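S.K.: With the input below, show me the fold.
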Amino acid sequence: MLHSLRRSNGEVAEFDDDSGLGQIASHDGSSVQFHCVSIVDGSRSIPVGARVRFRITQRLGRAEAVDVETIG
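M.R.: Numbers count the residues shown, from 1 in each chain. As a prediction, the model looks like this:
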């Protein structure tokens, strides 16, 4: 089950092109994982260091970023 919690900003801390998994360092100091299918513009990768906006959800008991979009 997927529950939307809040919208946040952060920076991509790491991204693995092979697995499509990445980690976002949120501006509130937390860290959250995301998968490339959650990137809004349909790309399959976001470069490390990119500033992003995203929603944090709880899925199967863990936080996950969805609706990930780069911001200027």
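
S.K.: The helix or strand bottoming out on mean pLDDT in the chain - contacts with which helices or strands?
M.R.: Least confident element among the helices and strands of the chain, by mean pLDDT, DSSP states H and E: strand 2-16 (a mean of 83). Judged by 3 or more Cβ pairs under 8 Å, 6 or more residues apart in numbering; DSSP states H and E, the packing partners of strand 2-16 are strand 21-26, strand 51-59. All C-beta atoms are positioned from the backbone trio N, CA, C, and that covers glycine.

S.K.: quick check: mean pLDDT across the last one?
M.R.: Read that as strand 51-59. Across strand 51-59, the average pLDDT comes to 92.

S.K.: got the contact list for the least confident helix or strand of the chain?
M.R.: 21-28, 31-32, 45-59, 63, 66, 71 (Cβ atoms under 8 Å, 6 or more residues apart in numbering).

S.K.: Can you flag the buried ones in those?
M.R.: Neighbour counting with 16 or more other Cβ atoms under 10 Å marks 22, 23, 24, 26, 32, 46, 50, 52, 54, 56, 57, 66 as buried within the contacts of strand 2-16.

S.K.: Please identify which of these is nearest to residue 38.
M.R.: Nearest to residue 38 among these, counting by Cβ to Cβ, is residue 66 at 4.5 Å.

S.K.: The least confident helix or strand of the chain to strand 21-26, inter-axis angle?
M.R.: Interaxial angle, strand 2-16 versus strand 21-26 (axes from the mean of the first three to the mean of the last three Cα atoms, to 10 degrees): 110 degrees.
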